[in-house]
Structures are given as C-alpha cells and as structure tokens.
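**Q** Model the structure of this input:
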Amino acid sequence: LSAFQIIFTTSVPVYNALLGTRIAPPLDAVGFYNKWQTPYALLIAAFIGFSQFLHYQQNSWRSFLRKSSLSGFVALLLTVPFVTSGIVRNETFILFLFFIWFSLVSSLLNLLFRMSTPRNMPAVLTHTGLAVFLLGVLITFSNSRVISSNTSGIDLGDRQSNRENLLLVKGDTLYMGGFYVSYISSEVKVNTTTYRVDFLKRIKGNYTNAFSLFPSVNRHPRMGNVYNPDTRHFLLKDYYTYIATTGKEDEYIVIKTIINPYINVLWLGSLIMIAGFLWSLIRRIRRAGQSDPNNTYTP
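**A** Now for the predicted structure:
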C-alpha cells in the first residue's frame, strides 16, 4: 500500500504529460504520506496485538478481554514516558505508539506463555520484530531533523535552501550542528565524483576528526546527476549527508545533513523479523522432507 501510494504520487508529472492534466503533487510529501499511511499502520499494530489472544474455534470473550486489558495497561505505562519526555508529540503518533507497545507486549506474552492456539512460534517472533520495527520507524523519523544550515554568508537563492543546506568551499571549515565540517577533497572515477567531508570537534582550540563522510555524485550523460548519500552509524543515532549542489570545477559543494536518532531500534526489528522468517523457512523445509504422511502440526 505504501509503495503504491509513493509510486502513484511521484508519477504525477508523468500522468500530466501523458493525459494533459494539471494535477499538482503535494507540497509536503512527508506529511501527505503520513496522513494516509499512519492509520493503516496503526490498524495493523492493533490487529497484531489482539490476534495474539485468539484461539481456533474456542474463544472466551472474558479471557480475551482480560488478556487484552493486561497488555493495554502495560502498553499505556510504556507510552507515558515517551510522551512526557517529548520523544513522541503528535496526537496521532501517540495513539500509534500505544498500539505499537500493545502489539509488542501481546506478542511477547504469547511468545513466553502461549496465549493463542495454535501458536506458530516463528510467526509470533516475526510479529514481535514488526512491532519493534514500527517502534523504530516512529521514534526515529518523528525526531529526524536537519542540522545543516547555510552559515557561509553566500546566498543559495531561496529561504529553504539557506535554512537546510550548507555551502562549503574546499579547505574551508564551518560550524554545523555540534561539529565543524570541512570539505577536504574530491576524487573522480569514470562518471562518479566522491567528496570527502570531515566532521571535526574543537577541543582546546584544536580540531580533531570525529569522522568523515564520502557522499558522491554520478554524472550520467543521459539521466543527469544522481546524488548518492553517505551515512555514519552510531549506537543511538545516524548522520546522513548528501550533496545538494556542486561547483563546476568542484571548488565548492552544498551539503545537507540529517540526524536520525534511535535508528538502531528499527534495525533490531528488522533482524528479529528476518530471524522469524528463517525459523519458519527452516521448519517448513524440515517438514517437507519428512516422509510420514500422518505428520501433524506441533507448535
């Protein structure tokens, strides 16, 4: 669904060219996608949570409500610190966070104490990973922020570019988001130019290199320029940098740098989902190799 919406929206110029229409793409693409995709993700998280307490052909509403209420109470307790600390602020995102915790707590309970019948352990583990993945998506990209701004003194042409991009002349060093950044060099290989940008810390008047990023530009003779970002990973955050514009002789570059906090939560969820998928695949292969035709399901 998300892929269809993004493909449809980004193809608006193509539709206009083919059909002669004048459909305007959304000005705030991220807000437009969130508006439509968040409710669906919320429903998926809620469904995952409630499904952990269902039994095949023998459901007791009293037992179902008791187990769901326990998960809901724990989810509420886990949601409150994220709201009070300001990690999640938007009302819709707060509701989404609650159902993410609800699905995660429910999946863990089913994983540890058998809350459903039959219990497909690989599926439960995969659902746990999906809940962790959704948690990572929510807390990462709702707190993602641009740390670059144009402090070079050279106008980039419009307010948004000056607010979000930084012009760096080769060899110059400027302050940006807790670092001093310096455009060091460029290297050309065939159609690709790779740029070295050092992120420096200033300690007692001296610069020390914290890390370097190497964004690149592929200059395709037919397709034009393709800008390839580079990312530095840390335990609690990532720094994501790409080239917005370059000078004719690479005497300067314009960069945009974004910080994505908590992104390792997203990767943790991905790893758990992969583990659940592999567990399911291995079990299916083993069962397919068994010769006993009377083999029955065992959770």
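
**Q** name the helices or strands packed onto the lowest-mean-pLDDT helix or strand in the chain?
**A** When the helices and strands of the chain are compared on mean pLDDT, DSSP states H and E, helix 2-10 comes out lowest with a mean of 76. Using 3 or more Cβ pairs under 8 Å, 6 or more residues apart in numbering; DSSP states H and E as the contact test, the elements touching helix 2-10 are helix 29-51. The C-beta positions use only the backbone N, C-alpha and C, and glycine is treated the same way.

**Q** next helix or strand past the helix it packs on?
**A** Downstream of helix 29-51, the first helix or strand assigned by DSSP states H and E is helix 61-84.

**Q** Please report how far Arg89 lies from Leu97.
**A** Computed as Cβ to Cβ, to the nearest Å, the Arg89 to Leu97 distance reads 10 Å.

**Q** Give me the common contacts of these two.
**A** Taking Cβ atoms under 8 Å, 6 or more residues apart in numbering as the contact criterion, the residues that touch both Arg89 and Leu97 are Val83.

**Q** quick one: which of those two has more around it?
**A** When Arg89 and Leu97 are compared for neighbours, Leu97 comes out ahead with 25 against 11, by other Cβ atoms under 10 Å.

**Q** OK, contacts around that one?
**A** Under the criterion of Cβ under 8 Å, 6+ apart, the contact partners of Leu97 comprise Thr79, Phe82, Val83, Val88, Leu135, Leu138, Ile139.

**Q** what about it, helix or strand, and which?
**A** Element membership for Leu97 (DSSP H and E) is helix 91-113.

**Q** Pull out the buried positions in that helix.
**A** Counting neighbours by 16 or more other Cβ atoms under 10 Å, one finds that the buried residues in helix 91-113 are 93, 95-111.

**Q** now that helix, how far from the chain's geometric center?
**A** In terms of Cα atoms, centre = their mean, to the nearest Å, the gap separating the centre of helix 91-113 from the centre of its chain is 18 Å.

**Q** Run the angle between that helix and helix 61-84 for me.
**A** Comparing the axes of helix 91-113 and helix 61-84 via axes from the mean of the first three to the mean of the last three Cα atoms, to 10 degrees yields an angle of 130 degrees.
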